[in-house]
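Asks: from the sequence below, what's the structure:
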Amino acid sequence: MLATLLELGIPHEDIDAVLATKIPPSLSERFAADVEALTGSVGTIDELPKTSPPEDAPAFYGVLVFAAAVPAVKAYHATRGIPEAMTRLILTDVGRQVAVHRRRHGRPGIDTEHWLTRHFQGRIFQLGRLQFEQVTLGTTTGTSLREAGLPYGPGDPALSIHIPEYCGPFTPEAIDDSLAQAAAFFPRYFGDYDYRVAVCHSWLLDPQLDGVLPTSSNILAFQRRFTFSHATAGEGIMRFVAAGTKLHETVQAHVAAGNSWQSGSGWMLLP
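Replies: All right, here's what the predicted structure looks like:
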């Protein structure tokens with residue numbers, strides 16, 4: 001188990017607590033069902049139904065579910081010929097989420113289990129600064145592509161871009177490198193799909209940021225890579241921007257002035 005936790009990137013200060021965690025007999029059937037549901041979805045790209053751990057589950061219940069599913073995702077990646085180093089790199093996102101939980105809440109645990117299920121389905125990869133998830137185009141974004149005269153539309157394969165924390169500077173050079181890696185990686189290991197389109201749905205694409213950030217902002221440089229599709233209500237920015245930063249002050253001032261934030265959506269073609 002220790003080796004598995006290290007593969008998952010569990011922070012060293014939390015490993016003893018995870019190793020000491022026991023699934024109580026009252027939750028043994030639920031635990032087995034959660035592991036089976038996760039491992040049974042390996043190799044698929046349909047999002048699993050959103051569930052939460054039982055209310056009386058130990059803090060690291062989700063980590064133990066993921067640890068039990070490691071062999072299944074490793075086996076799937078191996079059938080695709082994906083290097084073990086790439087598998088290990090994306091699985092360490094579990095530990096990253098444990099660290100983020102401690103920063104946000106000041107206590108050990110994890111509360112992003114649903115997000116991490118896609119890692120164990122084997123459909124998301126860390127390629128440099130960014131993560132790329134295998135998805136299908138939604139109605140609005142797919143329609144935007146079609147209206148632009150491109151041969152893509154709702155239901156077609158695409159890559160959803162995610163921007164994890166604790167992964168280094170968010171510079172244009174780092175983004176260029178990630179996009180180039182994705183353009184080479186997916187044709188090589190998933191050549192049975194046409195992953196030419198990349199999409200992003202994030203607070204980072206909120207058009208309002210263009211009015212509050214300097215023109216030299218890396219966030220705005222990232223926005224400019226996309227053809228904007230639409231915006232939806234969402235306060236993700238309040239959750240993801242770390243307190244004590246200049247951006248956090250800007251975010252709070254925007255809300256204090258009676259405004260709200262959104263999540264923006266856009267698309268691009270990979271290089």
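Asks: check which residues of the longest helix along the chain are buried.
Replies: Taking DSSP state H as the criterion, the chain has its longest helix at helix 61-80. For helix 61-80, burial by neighbour count (16 or more other C-beta atoms under 10 Å) applies to 61-70, 72-74, 76-77. (Glycine included, C-beta is placed from N, CA and C.)
Asks: show me where this protein has its strands.
Replies: The residue ranges that make up the strands of the chain, judged by DSSP state E, are 124-127, 130-136, 157-162, 197-202, 227-233, 262-269.
Asks: which stretches of the stretch 151-271 of the chain have low pLDDT?
Replies: Applying pLDDT under 70 to the stretch 151-271 of the chain picks out residues 235-236, 238, 240, 242-244, 254, 257-258.
Asks: kindly report the domain assignment for the protein.
Replies: 1-120, 123-271 (automatic domain parsing).
Asks: can you give me the end-to-end distance of the last one?
Replies: Right, domain 123-271. Chord length of domain 123-271, first to last residue, is 21 Å (C-alpha to C-alpha, to the nearest Å).
Asks: same deal with stretch 215-234?
Replies: Length of stretch 215-234, first residue to last, C-alpha to C-alpha: 24 Å.
Asks: and that stretch, which residues are buried?
Replies: So, applying 16+ other C-beta under 10 Å, buried residues of stretch 215-234: 219, 222-223, 225-226, 229-231, 234.
Asks: quick revisit: which of the strands of the chain sits closest to residue 172?
Replies: Between residue 172 and the strands of the chain, the shortest gap by C-beta to C-beta is with strand 130-136, which sits at 12.3 Å.
Asks: give me the angle between the closest one and strand 157-162.
Replies: Between strand 130-136 and strand 157-162, the angle comes out at 140 degrees (axes from the mean of the first three to the mean of the last three C-alpha atoms, to 10 degrees).
Asks: now strand 130-136 - C-alpha only, CSV.
Replies: Extracted in CSV, the C-alpha atoms of strand 130-136 (Å, rounded to 0.1, in the frame of the first residue of the first chain):
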residue,chain,number,x,y,z
LEU,A,130,-2.0,21.3,-18.7
GLN,A,131,-4.2,18.3,-18.4
PHE,A,132,-6.2,16.9,-21.4
GLU,A,133,-9.3,14.9,-20.9
GLN,A,134,-11.0,12.9,-23.6
VAL,A,135,-14.6,14.1,-24.1
THR,A,136,-17.2,14.6,-26.7
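Asks: all helices for the stretch 101-250 of the chain, in order.
Replies: Applying DSSP state H, counting those that start in this stretch to the stretch 101-250 of the chain gives helices spanning 113-120, 139-147, 172-189, 218-223, 236-240, 246-256.
Asks: identify the residue nearest residue 148 in space, chain neighbours excluded?
Replies: Nearest residue to residue 148, sequence neighbours excluded (C-beta to C-beta, 6 or more residues apart in numbering): residue 227, at 6.8 Å.
Asks: check residue 139 too.
Replies: Distances taken as C-beta to C-beta, 6+ apart place residue 154 nearest to residue 139, at 4.8 Å, with adjacent residues excluded.
Asks: was I right about residue 43 contacting residue 77?
Replies: No - taking C-beta atoms under 8 Å as the definition, residue 43 is not a contact partner of residue 77, at 9.7 Å.
Asks: quick check: neighbours shared by these two?
Replies: Residues touching both residue 43 and residue 77 (C-beta atoms under 8 Å, 6 or more residues apart in numbering): residue 122.
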